[in-house]
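Participant: the sequence isn't on hand, but the structure is:
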């Protein structure tokens, strides 16, 4: 299965991030003249929260007003997403979203807001590769050995994820589908309990974001067999990619971005987008994100809208193939 669109988007947005925006912007007297709330729809200390706080700190320095982080976790990001969708579109509330935003329209039968109609794209921020992890007691050390082992034990292996329909679930599903392997999915309420049970041997493998997994691999509490990005991660350079080992052109990650309520003044949206792209090129921010294994993106609102639309379509096909629905 090819995922070249992600590669193209990353290359395009990295180029755009370097170009100084020439869009008309509101004056500092107009926006912002007070704190901006950045809603993170996941718990504090998680992989999304870690990256969002780095960005919020830099944006605070650039804007001269506080960018205050507020965690509103639950329902695979939809509680926070709905809160921002219902917020006043005055430029003082934003959503730090993940790829779960593109999954929700296909996953949830009764979604109380529309990610495309009730929110407006501002900018992509980063993409975090996933890593295929196995419990130390599983007798494999490479992804090739894992495929062979799984085929020798059909239906006997189980894998954890951060939730039913989460990117960590669907990435594993796509890998298994491509490998021609069957395993039992065990969803958890977040990546932390999923990793605890993986280390404890209740499940045998998982795909989890690299920034949430690399310390466990370095400390030899888990074995990291492959990363899902097109290129090796600078944070884990010794871990090969899925693409270079068993499945050419496989490329998947947990991407992130910023949205605002629909109806927000386009001048504010464009100004905030420009500030985000500027922040993402700050050397300190680049280093901190690189240390987490994240690859910097950054895009115009129009580019992010196009990417979001393509990802919603893409994941609709994956969700359908996986047969997953959430009430």
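Facilitator: Looks like it arrived, so ask away. The structure displayed is predicted, hence computed values, not measured ones. Numbering: from 1, shown residues only.

Participant: can we go C-alpha only for contacts and neighbour counts from here?
Facilitator: Will do.

Participant: quick one: the nearest residue to residue 214 once chain neighbours are set aside from residue 293, how far?
Facilitator: Of all residues beyond its chain neighbours, the one nearest residue 214 is residue 236 (7.2 Å), with distances taken as Cα to Cα, 6 or more residues apart in numbering. Residue 236 sits at a distance of 8 Å from residue 293 (criterion: Cα to Cα, to the nearest Å).

Participant: neighbour count: those two, which is higher?
Facilitator: Neighbours per residue (other Cα atoms under 10 Å) separate residue 236 from residue 293, with residue 293 holding more: 24 against 21.

Participant: assign a three-state SS to the more buried one, would you?
Facilitator: Reducing the assignment to helix, strand or coil with DSSP: H, G, I helix; E, B strand; the rest coil, the entry for residue 293 is coil.

Participant: so what's it up against?
Facilitator: Counting by Cα atoms under 8 Å, 6 or more residues apart in numbering, residue 293 makes contact with 128-129, 210-211, 233-236.

Participant: for residue 130, see how far away it is.
Facilitator: Relative to residue 130, residue 293 is positioned 10 Å away (Cα to Cα).

Participant: ditto for residue 238
Facilitator: 15 Å.

Participant: between these two, which one's more packed in?
Facilitator: Taking neighbours as other Cα under 10 Å, residue 238 and residue 130 compare with residue 130 leading, 29 against 12.

Participant: surely that one is in a strand?
Facilitator: Yes: under the criterion used here (three-state DSSP), residue 130 sits inside a strand.

Participant: residues in contact with it?
Facilitator: With contact taken as Cα under 8 Å, 6+ apart, residue 130 is in contact with 168, 207-210, 227-229, 252-254.

Participant: give the burial count for the closest residue to it other than its chain neighbours, as a bare number.
Facilitator: Closest residue to residue 130 apart from its sequence neighbours, by Cα to Cα, 6+ apart: residue 209 at 4.2 Å. Using other Cα under 10 Å, the number of residues around residue 209 comes to 26.

Participant: how about the longest helix seen in the chain: buried residues?
Facilitator: In the chain, taking DSSP state H as the definition, the longest helix is helix 301-322. In terms of neighbour count (16 or more other Cα atoms under 10 Å), helix 301-322 has its buried residues at 301, 303-305, 307-308, 311-312, 315-316, 318-319.

Participant: ok, of these, which one's closest to residue 193?
Facilitator: Nearest to residue 193 among these is residue 319, at 23.3 Å by Cα to Cα.

Participant: and that closest one, what pLDDT?
Facilitator: Residue 319 is assigned 84 on the pLDDT scale.

Participant: what do you get for residue 130?
Facilitator: With respect to pLDDT, residue 130 has a value of 95.

Participant: same check, this time on residue 295
Facilitator: At residue 295, the predicted lDDT confidence score is 89.

Participant: thought residue 126 was touching it, still the case?
Facilitator: Yes: applying Cα atoms under 8 Å, one finds residue 295 in contact with residue 126, separated by 5.5 Å.

Participant: quick one: list the elements packing against the helix or strand harbouring residue 273.
Facilitator: Assigned by DSSP states H and E, residue 273 belongs to helix 266-280. Applying 3 or more Cα pairs under 8 Å, 6 or more residues apart in numbering; DSSP states H and E, one finds that helix 266-280 makes contact with helix 4-18, helix 47-63, strand 119-134, helix 301-322.

Participant: format those as TSV; extra columns: distance to residue 177.
Facilitator: As requested, these are arranged in TSV below (distance: least, Cα to Cα, whole Å):
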stretch	distance to residue 177
helix 4-18	18
helix 47-63	26
strand 119-134	14
helix 301-322	9
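
Participant: if we can go back for a sec, could you pick out the buried ones from the contacts of residue 293?
Facilitator: Taking 16+ other Cα under 10 Å as the criterion, what is buried in the contacts of residue 293 is 128-129, 210-211, 233, 235-236.

Participant: OK, contacts around residue 50?
Facilitator: The neighbourhood of residue 50, defined by Cα under 8 Å, 6+ apart, consists of residue 44.

Participant: re the thing from before, of all the helices and strands packed on helix 266-280, which one comes closest to residue 287?
Facilitator: Distances from residue 287 to each of these were compared by Cα to Cα, and the smallest falls on helix 47-63, at 10.5 Å.

Participant: just the angle between that closest one and strand 119-134, please?
Facilitator: Taking axes from the mean of the first three to the mean of the last three Cα atoms, to 10 degrees, one finds that helix 47-63 is oriented at 140 degrees with respect to strand 119-134.

Participant: who's in contact with the one helix or strand residue 290 maps to?
Facilitator: When elements are assigned from DSSP H and E, residue 290 belongs to helix 283-291. Residues from elsewhere that reach helix 283-291 (Cα under 8 Å, 6+ apart): 51, 54-55, 58, 234-235, 279-280, 295-296.

Participant: cool, thanks, signing off.
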